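Engineer: build me a structure from this.
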Amino acid sequence: MDFQTFRDQVSTRLKLDLNSYKETQLKRRIDSLMSRRKIEGYRQYLHQLVTEPKVFGEFVDYLTINVTEFFRDKKPFEHLEKTILPEMLRKKSQLKIWSAACSNGAEPYSLAIILSELTPEKKHRIEATDLDPGILKVAAEGRYPADLLRNMAPGRVQKYLKQENGFYYLDAQTKSRVQFRRHDLLSDSYGSGYDLIVCRNVQIYFTREAQEKINVRFCKALVPGGILFLGSSETMFNYADLGFERMVSCFYRKK
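Structural biologist: Down below sits the predicted model:
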């Protein structure tokens, strides 16, 4: 079985659209995972993915590249906190936000912390989604190693997290501000009425065609004037054709 047939079979039998991932990066990662498991070929690996839930779970976890941290990329988050969100809150008292491909939850919890300080008496709707069910369990637990807090002000760490046995545990009130659920950006339906969608450092793994489809769907999911927050390494070159206007680096507003 060649790699393209493997990709097609995974898409058909396991409902994971591997054809929307950049082929070179994807093949390198899958070949590395197969080598670690001492799997000789794609046919054998496909059989394990279909028949062994543990192997499939490991595959999804490896595919989704769960790397993030609190307030990742300080400058864009400062702009979000000092300019974007205050401007939104002047027009609307309660916001609906989607953190897409949220990984371990550090990103949506960062949003929850900012909003709890900007509007202490308001509880906004923050939805957080990811393809990987395993990482969603990690997110819901709210337990983090110290290195994921390096961009977080010491005062905030002390206020919102409790250190215990070498880990930091997020307080229950902050956790309650975020609702987690599984979602596949490539195949599942999108919600609507979002004021802000945050999807950072994810689309770099997708083909240009897949990126455009996702961003068109993000645009439809946003309210008029709603904002899409991308990662520092991501650029939407044809943003005008997709229904956006560029604000500053990382931020795009729906026309």
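Engineer: quick one: contacts for Asp132?
Structural biologist: Counting by C-beta atoms under 8 Å, 6 or more residues apart in numbering, Asp132 touches Val60, Asp61, Thr64, Asn66, Ser103, Arg182. C-beta here means a position set from N, CA and C on the backbone, and glycine is covered the same way.
Engineer: with Thr64 instead?
Structural biologist: Ala101, Ser103, Asp130, Leu131, Asp132, Ile135.
Engineer: let's see 7 Å
Structural biologist: Residues in contact with Thr64 (C-beta atoms under 7 Å, 6 or more residues apart in numbering) are Asp130, Leu131, Asp132, Ile135.
Engineer: related to what we said a few turns ago, out of the contacts of Asp132, list just those in helices.
Structural biologist: Val60, Asp61, Thr64 (DSSP state H).
Engineer: against Leu136, how distant is the first one?
Structural biologist: Translated: Val60. 11 Å (C-beta to C-beta, to the nearest Å).
Engineer: give me the more crowded residue out of those two.
Structural biologist: Leu136 (21 against 17; other C-beta atoms under 10 Å).
Engineer: the helix or strand encompassing the more buried one: which residues count as buried?
Structural biologist: Assigned by DSSP states H and E, Leu136 belongs to helix 133-141. Under the neighbour-count criterion of 16 or more other C-beta atoms under 10 Å, helix 133-141 has Ile135, Leu136, Val138, Ala139 buried.
Engineer: quick check: mean pLDDT across the helix or strand following that helix?
Structural biologist: Scanning forward in sequence from helix 133-141 by DSSP H and E, the next helix or strand is strand 143-144. Here strand 143-144 scores 96 as its mean pLDDT.
Engineer: centre of the chain to the helix or strand just after strand 143-144, how far?
Structural biologist: For strand 143-144, the following helix or strand on the C-terminal side (DSSP H and E) is helix 154-160. Averaging C-alpha positions (C-alpha atoms, centre = their mean, to the nearest Å) puts helix 154-160 24 Å from its chain's average.
Engineer: please report phi then psi for the closest residue to Lys123 other than its chain neighbours.
Structural biologist: Spatial nearest neighbour of Lys123, excluding adjacent residues (C-beta to C-beta, 6 or more residues apart in numbering): Arg177 at 6.4 Å. Backbone geometry at Arg177, expressed as degrees, to the nearest 10, gives phi -80, psi -10.
Engineer: in the protein, where's the longest strand?
Structural biologist: strand 222-229 (DSSP state E).
Engineer: for that strand, which helices and strands make contact with it?
Structural biologist: strand 194-198, strand 251-254 (3 or more C-beta pairs under 7 Å, 6 or more residues apart in numbering; DSSP states H and E).
Engineer: and the next helix or strand past the host helix or strand of Ser116?
Structural biologist: For Ser116, the host element (DSSP H and E) is helix 106-118. Moving toward the C-terminus from helix 106-118, the next helix or strand (DSSP H and E) is strand 125-130.
Engineer: quick one: strands adjacent to that next one?
Structural biologist: Strand pairing for strand 125-130, using DSSP bridges, gives strand 96-99 (parallel), strand 178-182 (parallel).
Engineer: for the one helix or strand Val10 maps to, which positions count as buried?
Structural biologist: Per DSSP H and E: Val10 is located in helix 3-14. Neighbour-count burial for helix 3-14 flags Phe6, Arg7, Gln9, Val10, Ser11 (criterion: 16+ other C-beta under 10 Å).
Engineer: ditto for stretch 47-62
Structural biologist: Quick answer for stretch 47-62 (16+ other C-beta under 10 Å): Gln48, Leu49, Val55, Phe56, Glu58, Phe59, Val60, Asp61.
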